[in-house]
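Novice: no sequence on this one, just coordinates:
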Ligand SMILES: [Zn+2]
Ligand SMILES: [Zn+2]
């Protein structure tokens, strides 16, 4: 079996998380996780499968995706191009999956981040449209929050966040929003 990122490298037997059998590349340090190994391993994990409800920018602070992360990969089992899906850690990276056999490829260091995010035993979630949309919306609201703090300063920003929450929960909250908008809608 050849490395998805370099056909001249032959993969060797290895393990992730102690007992998940993988094929490892000694050159780029990536790991191929065959679906025939992953499925039985995952079903042995005692942790309940709960969809991840958080994405924290703190995870993977010291992880810089390796160069191979940007490189297209070929499935070592069926030779098809691997599809990629983004994981939004501090430094976003891609996990790859073969659309045909369902095997996964992790470049060097990615598995450890997935473990930290508790996604390692439900890798297929990363490839669901639902999860990706959720990640995008969380990141978007984090960005908006940061920009608000940046423009208003932390104290005023905090008041705005609190007011937004109060209005959101109030049955007539939209009246409050309309009032604020009118206040700022005056012609110069
Ligand atoms: Zn390699
Ligand atoms: Zn394949």
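Specialist: Structure's in. What do you need? Owing to the predicted nature of the structure, the values given are computational and were not obtained by experimental measurement. Numbering: from 1, shown residues only. Ligands and ions are numbered 1, 2, ... in the order given.
Novice: Point out where this protein drops to low pLDDT.
Specialist: Scanning the chain for pLDDT under 70 picks out 46-58, 187-188.
Novice: give me that answer again for 80
Specialist: 46-61, 88-90, 131, 134-135, 138-139, 186-188 (pLDDT under 80).
Novice: Go through the longest helix seen in it and flag the buried ones.
Specialist: Of all the segments of type helix in the chain, defined by DSSP state H, the longest one is helix 129-152. Buried residues in helix 129-152, counting neighbours by 16 or more other CB atoms under 10 Å, are found at 131-132, 134-135, 138, 148-149. Backbone N, C-alpha and C define where each C-beta goes, glycine included.
Novice: Dig out what the residue nearest the centre of the chain forms beta bridges with.
Specialist: Most central in the chain under CA atoms, centre = their mean is residue 87, positioned 2.3 Å from the mean C-alpha point. Counting by DSSP bridges, residue 87 is bridged to residue 93.
Novice: before we move on, back to that, how about the buried residues of helix 129-152 in a markdown table, adding distance to ligand 1?
Specialist: Formatted as a markdown table, these follow (distance: CB to the ion, whole Å):
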| residue | distance to ligand 1 |
| --- | --- |
| 131 | 27 |
| 132 | 26 |
| 134 | 31 |
| 135 | 27 |
| 138 | 32 |
| 148 | 43 |
| 149 | 42 |
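Novice: nearest to residue 181, of these?
Specialist: Of all those, residue 181 sits closest to residue 148, with 16.2 Å by CB to CB.
Novice: With adjacent residues omitted, what lies nearest to the closest one?
Specialist: Among residues not flanking residue 148 along the chain, residue 157 sits closest, at 4.8 Å (CB to CB, 6 or more residues apart in numbering).
Novice: right, and the helix or strand after the helix or strand hosting residue 159?
Specialist: Element membership for residue 159, per DSSP states H and E: helix 154-169. Per DSSP H and E, helix 154-169 leads on to helix 173-184 as the next helix or strand towards the C-terminus.
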